[in-house]
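Participant: When you get a sec, could you give me coordinates for this:
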Amino acid sequence: MTLKHDTAPAADDVVNQLLDAALMHVPFDGWSDATFAAAVSDAGVDRIVADAICPRGAVDLAVAYHKRGDALMLEQLAAEDMTGLRFRDKIARAVQLRLEVIDDKEAVRRGTTLFSLPQYAGDGVKLVWGTVDAIWTALGDSSEDINWYTKRGTLSGVYSATVLYWLGDDSLDHQATWEFLDRRIDNVMQFEKLKAKVQSNPLLKPLMVGPNWLAQQIRAPEARDDLPGSVGPRT
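Facilitator: Numbering: from 1, shown residues only. As a prediction, the model looks like this:
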């Protein structure tokens with residue numbers, strides 16, 4: 001006799017089903033318990049299974065939504081021909097692609113509200129860090145010292161500011177947002193030039209010995225996925 005066994009769907013598949021169903025309700029109810037309950041019902045997922053896979057309910061779906069956007073951005077980046085672009089333009093293009101893959105601005109607006117709450121602010125920071133880490137890694141960043149942190153920290157600020165501007169932008173094809181992004185990146189480049197001048201100034205070099213030594217002791221994380229924004233072990 002051959003016994004038939006039901007094959008349980010993978011956790012990722014269940015999350016995707018719930019997320020797709022939730023996006024129909026997020027514009028009205030936000031990333032809330034009501035949205036999660038509606039998603040469970042619409043997707044036909046057993047509530048016990050849904051609670052086990054998403055113990056925080058819609059919060060976990062909001063996290064999954066952001067990570068889905070990161071994955072789509074990486075797909076778009078892999079298909080982009082950036083030959084001849086300056087590195088600052090590659091970064092700008094990556095941020096632009098991250099926003100262009102979003103098909104529901106209201107879902108992001110609701111997510112921004114959710115992750116501004118004190119109990120979820122840590123999740124928001126980790127998600128933004130994960131996005132910029134994915135960008136730098138995809139663009140071939142190989143830094144292993146303090147620059148690994150400063151690059152991601154700086155781009156986190158640029159990205160966060162650009163998202164907030166984009167949420168309120170009603171210009172044609174979000175042209176005002178891309179101009180805002182360019183200005184923010186130009187500000188960063190000006191700061192980097194100032195840092196280089198300070199480092200090369202012979203009068204200031206003696207004062208930089210201590211800070212430079214300390215900076216050299218800081219190393220990028222290796223083979224860990226438990227740091228803010230990590231997208232997997234570094235190779």
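
Participant: drop to CA atoms for contacts and neighbour counts, all remaining ones
Facilitator: Noted.

Participant: ranges for the helices of the protein?
Facilitator: Along the chain, counting by DSSP state H, helices occupy 11-22, 26-29, 33-43, 47-53, 58-79, 87-100, 105-114, 121-138, 146-167, 175-200, 205-217.

Participant: want to throw the ones you listed into TSV with mean neighbour count?
Facilitator: As requested, the helices of the chain are exported to TSV (neighbours: other Cα atoms under 10 Å):
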stretch	mean neighbour count
helix 11-22	19
helix 26-29	18
helix 33-43	19
helix 47-53	14
helix 58-79	18
helix 87-100	18
helix 105-114	18
helix 121-138	20
helix 146-167	17
helix 175-200	15
helix 205-217	11
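
Participant: what's the least confident stretch among the ones you listed?
Facilitator: Ranked by mean pLDDT, the helices of the chain end with helix 205-217 at the bottom, a mean of 49.

Participant: Next, name the residue at the spatial heart of this protein.
Facilitator: By Cα atoms, centre = their mean, the chain has its centre lying nearest to Thr131, at 2.4 Å.

Participant: what's the closest non-adjacent residue to that residue?
Facilitator: Nearest non-adjacent residue to Thr131, counting by Cα to Cα, 6 or more residues apart in numbering: Asp70, 6.1 Å away.

Participant: State the distance from that neighbour to Ala94.
Facilitator: 10 Å (Cα to Cα, to the nearest Å).

Participant: Asp33 now?
Facilitator: Distance from Asp33 to Ala94, by Cα to Cα: 33 Å.

Participant: Same check on Met73?
Facilitator: 7 Å.

Participant: Also Ile135?
Facilitator: Taking Cα to Cα, one finds Ile135 at 7 Å from Ala94.

Participant: cool, and Leu167?
Facilitator: If you go by Cα to Cα, the gap between Leu167 and Ala94 works out to 18 Å.

Participant: Ok, Val59 next?
Facilitator: In terms of Cα to Cα, Val59 sits 26 Å off from Ala94.

Participant: same check, this time on Leu164
Facilitator: From Leu164 to Ala94 the distance is 17 Å (Cα to Cα).

Participant: What residue spans form the domains of this protein?
Facilitator: The chain breaks down by automatic domain parsing into domains covering 10-55, 64-217.

Participant: thinking in terms of the whole chain, how far from its middle is the longest one?
Facilitator: Put plainly, it is domain 64-217. A distance of 9 Å separates the centroid of the chain from that of domain 64-217, by Cα atoms, centre = their mean, to the nearest Å.
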